[in-house]
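**Student:** Build me a model from this:
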Amino acid sequence: MRKSQAATEYMIILAVVIIIALIVVGVMGGIPGIGAGARDRTSAAYWAQADIGIAAFSNSMTVSLDSVKVVNNLRSTITISQINFTETAANTTFTSAANILASSITLAAGQSRLISGVNINSSCSTIGSAWASSLKIKYTEAETGAIYYFTGDGNSLSGDCSS
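**Tutor:** Below is the predicted model of the structure:
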């Protein structure tokens, strides 16, 4: 009687451990398709509240990040002079060699601006394929004149390719 009870308890504990491991692997993106949604939601949440936020963006099959909504989440007015990024899409890597801004952008605290027509000649291979981009934003704080670089603390901007 005791042997069957011990075997049953062992199997239940093993089942619980396996279920927890599968949940962790899925959330971390270890299984393609399962963790992608969580990755994109985490990325969007981070970049929406970051010091220099990316509130919205679109990435099409032919033009990388064809529009980006940048928001100033800092307490003072800033002037963004450069936005550079490294994108990974369809197992290829493209690093922007130049600033994607046509001219500097001045944003008051809490203000946002939509940047359209961004084109760095990178493309996605298929609709729905995942991509990730590491950003480097150069800005000047108006009050002190100090120049800063914001890189997102290692957090990538990510999403899926659209048409």
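
**Student:** Can you mark which positions in the helix or strand containing residue 149 are buried?
**Tutor:** Assigned by DSSP states H and E, residue 149 falls within strand 147-150. By neighbour count with 16 or more other C-beta atoms under 10 Å, strand 147-150 contains the buried residues residue 150. (Each C-beta comes from the backbone N, C-alpha and C, glycine too.)

**Student:** Give me the distance from the helix or strand following it to the chain's centre.
**Tutor:** Downstream of strand 147-150, the first helix or strand assigned by DSSP H and E is strand 157-160. Distance of strand 157-160 from its chain centroid, counting by C-alpha atoms, centre = their mean, to the nearest Å, is 5 Å.

**Student:** what's strand 157-160 packed up against?
**Tutor:** When contacts are defined as 3 or more C-beta pairs under 8 Å, 6 or more residues apart in numbering; DSSP states H and E, strand 157-160 packs onto helix 36-49, strand 52-58, strand 130-141.

**Student:** and residue 8, which of the three is it?
**Tutor:** helix (DSSP: H, G, I helix; E, B strand; the rest coil).

**Student:** That one: neighbour count?
**Tutor:** By other C-beta atoms under 10 Å, 10 other residues sit near residue 8.
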